[in-house]
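Asks: below are the sequence and a predicted model; questions follow.
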Protein chains: 2
Amino acid sequence: MVPPQITSTAAKTFQFGAITIPLSQTFLVSKLSYALVNLKPIRPGHVLIAPRRRTMRFNDLTSEEVTDLFAQGQRVSKVVERMFNAESLTLCIQDGPQAGQSVPHVHLHVIPRHQGDFPDNDDIYDVLEGDRTKKKQPHIDNDERKPRSAQEMAEEAEMLRKELTGWNEGAE
Amino acid sequence: MVPPQITSTAAKTFQFGAITIPLSQTFLVSKLSYALVNLKPIRPGHVLIAPRRRTMRFNDLTSEEVTDLFAQGQRVSKVVERMFNAESLTLCIQDGPQAGQSVPHVHLHVIPRHQGDFPDNDDIYDVLEGDRTKKKQPHIDNDERKPRSAQEMAEEAEMLRKELTGWNEGAE
């Protein structure tokens, strides 16, 4: 039985906190999770995986949701690492506001990493946590990254869907 | 059947990359994963969860190992958040050297977070990725944190074991 909060794919949208995500910005839909492209990716290929049920904290997830989230996380991370020619990945959940969570809906960041991708290897997190006090690298500052167009996001989602056989086979 | 690389608890040690972890520094042992305290925690309650099989990348894990790792991750994160009076958690896998992975063995960092725990909220990652170029917060610099004693680690592990009913019931 599907819990009532789960968004149906028939509706063609998903709930991400208070944000409504169109199906065109998703590229993997399973029974309990979905993967979406990013409005303001930190790095090319920075994508998110979320439970379909709107819930804030990692410990709010059922064991079935945890299992599904990271099973999809493995599928997604494999594809983005290959498609974005990465050598490593940052996999991170900011679990609560004091950990930098901006959207109150559990989400796993999957971020392709390359040698030298940031002047300091860990500056990626300055952006991830949206720190506004560090201005020394304005080109990666959260506030100065331009949101991508709907078309650009749809094209990236489409490209990733092609790499994920049965990308929505688990959807109901 | 237990894969041959899995360390038996009978041996009273676990392999973490090339490092041998004594049972006294672990506080949760399941069939496929174990949780360990940290030699140099970034914050109080910063612990690690690893697959018992020695393997480097997230995508090297079997689906059973992924499921178990994050199931134990939920149990552990719930306990450390409570025991260390945290409000949020940072959950992170540095998946490969270009993402700051220092020990070539998959491990999930679970780090209790509090409001204002670092001068900049995300400075935690400067330490997590062991960045040596940032010297403005020497008190949290990786190089200057003193390794804890075996006794201190054993006491913390013992404290956490008491909170985890059946802490080694999944062990073989």
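Replies: Yep, that arrived. Numbers count the residues shown, from 1 in each chain, chains lettered A, B, ... in the order given.
Asks: any idea of the pLDDT on residue A:95?
Replies: At residue A:95, the pLDDT value in this model is 97.
Asks: now the one 3 residues further on
Replies: On the pLDDT scale, residue A:98 is placed at 94.
Asks: what's the answer for residue A:138, then?
Replies: pLDDT, read off for residue A:138, is 35.
Asks: centre-most residue in chain A?
Replies: By C-alpha atoms, centre = their mean, chain A has its centre lying nearest to residue A:48, at 0.7 Å.
Asks: quickly find the element holding that residue.
Replies: strand A:47-51 (DSSP states H and E).
Asks: how far does that strand sit from its chain's centre?
Replies: With C-alpha atoms, centre = their mean, to the nearest Å as the basis, strand A:47-51 stands 4 Å off its chain's centre.
Asks: ok, and the closest non-adjacent residue to the residue nearest to the centre of chain A?
Replies: Take residue A:48 and drop its neighbours on the chain: the residue closest to it by C-beta to C-beta, 6 or more residues apart in numbering or on different chains is residue A:107, 4.6 Å away. Every residue, glycine included, has its C-beta placed from N, CA and C.
Asks: list the contacts of that neighbour.
Replies: A:16, A:48, A:49, A:50, A:93 (C-beta atoms under 8 Å, 6 or more residues apart in numbering or on different chains).
Asks: just name the closest of these to chain B, please.
Replies: residue A:93 (4.2 Å; C-beta to the nearest C-beta).
Asks: my read: that closest one touches residue A:105, true?
Replies: No - if you go by C-beta atoms under 8 Å, residue A:93 and residue A:105 don't touch, sitting 11.1 Å apart.
Asks: residue A:81 falls within a helix, correct?
Replies: Yes - assessed with DSSP: H, G, I helix; E, B strand; the rest coil, residue A:81 lies in a helix.
Asks: still on that earlier bit, quick check: bridge partners of the residue nearest to the centre of chain A?
Replies: residue A:36, residue A:109 (DSSP bridges).
Asks: what is the least confident helix or strand in chain A?
Replies: Between all helices and strands in chain A, the lowest mean by mean pLDDT, DSSP states H and E belongs to helix A:124-128, at a mean of 70.
Asks: next SSE after that one?
Replies: helix A:150-163.
Asks: picking that back up, ok, the contacts of residue A:107 vs residue A:74, which is closest?
Replies: residue A:49 (10.0 Å; C-beta to C-beta).
Asks: what's the neighbour count on the closest one?
Replies: Close neighbours of residue A:49, defined as other C-beta atoms under 10 Å in any protein chain shown, add up to 26.
Asks: contacting residues around it?
Replies: Here residue A:49 is in contact with A:28, A:33, A:34, A:35, A:36, A:69, A:72, A:73, A:76, A:107, A:108, A:110 (C-beta under 8 Å, 6+ apart).
Asks: how long is stretch A:47-65 end to end?
Replies: One end of stretch A:47-65 to the other measures 18 Å (C-alpha to C-alpha, to the nearest Å).
Asks: and stretch A:58-67, by the same measure?
Replies: End-to-end span of stretch A:58-67 (C-alpha to C-alpha): 12 Å.
Asks: list the contacts of that stretch.
Replies: By C-beta under 8 Å, 6+ apart, the residues outside stretch A:58-67 that reach it are A:32-33, A:51, A:53, A:55, A:69, A:93, A:95, A:106, B:66-67, B:70-71, B:73-74, B:77-78, B:81, B:89, B:91.
Asks: buried sites along it?
Replies: A:58, A:59, A:61, A:65, A:66, A:67 (16 or more other C-beta atoms under 10 Å in any protein chain shown).
Asks: average pLDDT across the strand or helix carrying residue A:34?
Replies: Assessed by DSSP H and E, residue A:34 sits inside strand A:33-36. Summarised as a single mean, pLDDT over strand A:33-36 is 97.
Asks: likewise for stretch A:41-55?
Replies: On average, stretch A:41-55 scores 96.
Asks: tell me how far the ends of it are from each other?
Replies: 22 Å.
Asks: kindly report the same for stretch A:100-111.
Replies: 16 Å.
Asks: buried residues in that stretch, which are they?
Replies: Those would be A:100, A:101, A:105, A:106, A:107, A:108, A:109, A:110, A:111, for stretch A:100-111 by 16+ other C-beta under 10 Å.
Asks: okay, among these, which ones form the most distant pair?
Replies: A:105 and A:111 (18.1 Å).
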